[in-house]
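S.K.: sequence-free structure coming up:
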């Protein structure tokens, strides 16, 4: 019964999300059409411009969402591994965080797009006979950007998660262990529920940074929001209006994310009173 | 009769610091043992070795017939039988009082929720705070929190209870209510090992007082003998300092 109810709610929530997504971007496109009209762009081209920017915004948001989710999983593993007593887990995690945080994201994106295919070529020798498409078809700008952004935000998330777990006092571990709980149970029932409240705000902060940083993927020809804007400028020679529109869309997207975080923080705070 | 806690030549180091030196200690079933000594004497470390919150490097510890060694099954088995109360309470802040008490019985002992809650309510009744069951720890006073912590440890129905300075973090006016709960527990026949500076408690309910200094057991005996007539000069010096 409870499972069915949860399933039904998930379906409703997903449907609402899908509808909300379409309405949101239709809205953005409509506003853009109005904006380009009042700013005297060639009337016949306005629908096309508005639509292209909308598509760019959609690429940006999709890239951000899937990279955030992958980056969260990466960060969770790396963050916990960094706290492990076993150097076989700890050292690779430390190395990962060190390298990613110490190099520019732009270099990581260029590396994923230009260098990774060369590195993966030997592997593809074995994979391609199995029906896997050629490496150039797999590592499109979109998927190269996805890899670079996930790996990048994963390293920052790892630090947040490590700090969150460490922020839970040692006494909580000891009390739980003294009651006979296994380490996994301590994590599941005691540490994670408390750490979530600590890590959610900085994690969403990372997502907002990721949303903005995804603009760097324009250098590998990904047609996200910035690149769409640049194409429009090269046709119209009107950087002022176009960049204002691009910046405004980023602002709207980050503002929506901020509202969502505030809501999430309050929801988490309600579950389980003051700490 | 075989001792319920048996410690034999127990040694422990923190790095190069020798914190427990050749500790030999037997505690009988139902016995209440109070451990006193200056800070840094190793008394907290001593009781924390009994449920293996601290590992030892030399010697052996047998609790209720179970050898404490690297075997995780043995450690789990001992922890099920040994409850612990901490100086800083260590209640789980994201759970209500009732959830704090029922969690371990439900997930470790695998009791159904109804049974765990029924026993939790009986225990809260026993420590006199049944009306606080639905509150969160942060909404309680220190004394109430520590009584919840006692109930939480008792919910696992342990055979032994360890107390690590249970009243040291409390405001003076709340010490009494926690000591009362502990006295009641002592009279009910629980085996207890208590690290405390509460000499009144020791005099009233302890069967035996152990004085530790620099990682060694210096002296032990009945409370009256140790307090009124300490044999060792280090014990005399310590008692003179804390009893004024």
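M.R.: Cool, the structure landed. All values reported here derive from a predicted model rather than from experimental measurement.
S.K.: right, and residue B:20 touches residue B:49 too?
M.R.: Yes. Contact criterion C-beta atoms under 8 Å: residue B:20 and residue B:49 qualify, at 7.2 Å. Glycine gets a C-beta too; all of them are placed from N, C-alpha and C.
S.K.: okay, and the common contacts of those two?
M.R.: Each of B:10, B:12, B:56 lies in contact with both residue B:20 and residue B:49 under the rule C-beta atoms under 8 Å, 6 or more residues apart in numbering or on different chains.
S.K.: contacting residues around the residue nearest to residue A:172 when sequence neighbours are not counted?
M.R.: Among residues not flanking residue A:172 along the chain, residue A:190 sits closest, at 5.4 Å (C-beta to C-beta, 6 or more residues apart in numbering or on different chains). Residues in contact with residue A:190 (C-beta under 8 Å, 6+ apart) are A:168, A:172-173, A:176, A:181, B:92.
S.K.: for residue B:87, same thing?
M.R.: Residue B:87 is in contact with B:164-166, B:168-169, counting by C-beta under 8 Å, 6+ apart.
S.K.: do stretch A:175-189 and chain B meet at all?
M.R.: Yes. Residues of stretch A:175-189 are located near chain B by C-beta under 8 Å from any C-beta of the partner chain, namely A:175-182, A:185, A:189.
S.K.: Okay, and which of the residues you listed map to helices?
M.R.: A:175-178, A:185 (DSSP state H).
S.K.: What is the nearest of the residues you listed to residue B:183?
M.R.: Proximity of these to residue B:183 (C-beta to C-beta) peaks at residue A:178, which lies at 22.0 Å.
S.K.: Tell me how many other residues surround the closest one.
M.R.: 26 (other C-beta atoms under 10 Å in any protein chain shown).
S.K.: hang on, isn't it packed against residue B:83?
M.R.: Yes. Using C-beta under 8 Å, residue A:178 makes contact with residue B:83 at a distance of 7.2 Å.
S.K.: what touches both of these two?
M.R.: residue B:153.
S.K.: re the thing from before, more neighbours: which of residue B:20 and residue B:49?
M.R.: residue B:20 (25 against 22).
S.K.: ok, the more buried one - contacts?
M.R.: By C-beta under 8 Å, 6+ apart, the residues touching residue B:20 are B:10-12, B:42, B:45-46, B:49, B:56, B:215.
S.K.: mind redoing it with 10 Å?
M.R.: Under the criterion of C-beta atoms under 10 Å, 6 or more residues apart in numbering or on different chains, the contact list for residue B:20 reads B:7, B:10-14, B:42-43, B:45-46, B:49, B:54, B:56-59, B:212, B:215-217.
S.K.: does chain A sit close to the lengthiest helix in chain B?
M.R.: Longest helix of chain B, by residue count under DSSP H: helix B:172-187. No. Contact of helix B:172-187 with chain A (C-beta under 10 Å from any C-beta of the partner chain) is absent, the minimum separation being 16.4 Å.
S.K.: And the residue nearest the centre of chain A?
M.R.: In chain A, the centroid-proximal residue (C-alpha atoms, centre = their mean) is residue A:68; its distance is 2.5 Å.
S.K.: Could I get the full set of strands for chain B?
M.R.: Taking DSSP state E, the strands of chain B run over residues B:5-14, B:17-27, B:32-36, B:58-63, B:66-67, B:82-85, B:160-164, B:191-195, B:208-213, B:216-221.
S.K.: Residue B:133: which of the ones you listed is closest?
M.R.: Residue B:133 sits nearest to strand B:82-85 of all these, at 18.9 Å, using C-beta to C-beta.
S.K.: pLDDT weak spots in chain B?
M.R.: B:1, B:244 (pLDDT under 70).
S.K.: what sits against residue A:155?
M.R.: With contacts defined as C-beta under 10 Å, 6+ apart, residue A:155 is in contact with A:71, A:74-75, A:78-79, A:93, A:96-103, A:108, A:206.
S.K.: For it, which non-adjacent residue is closest in space?
M.R.: Among residues not flanking residue A:155 along the chain, residue A:100 sits closest, at 3.6 Å (C-beta to C-beta, 6+ apart).
S.K.: thought that neighbour was touching residue A:154?
M.R.: Yes. Applying C-beta atoms under 10 Å, one finds residue A:100 in contact with residue A:154, separated by 7.6 Å.
S.K.: list residues touching both of those two?
M.R.: A:74, A:78.
S.K.: Which one's more surrounded, these two?
M.R.: residue A:154 (25 against 20).
S.K.: So the more buried one versus residue B:72, what's the distance?
M.R.: Per C-beta to C-beta, to the nearest Å, residue A:154 is found 32 Å from residue B:72.
S.K.: Same check on residue B:194?
M.R.: With distances taken as C-beta to C-beta, residue B:194 is found 28 Å from residue B:72.
S.K.: ends of stretch B:62-82, how far apart?
M.R.: For stretch B:62-82, the first-to-last residue distance is 12 Å (C-alpha to C-alpha, to the nearest Å).
S.K.: Check whether it comes near chain A.
M.R.: Yes. Stretch B:62-82 lies within reach of chain A by C-beta under 10 Å from any C-beta, at B:72, B:75-82.
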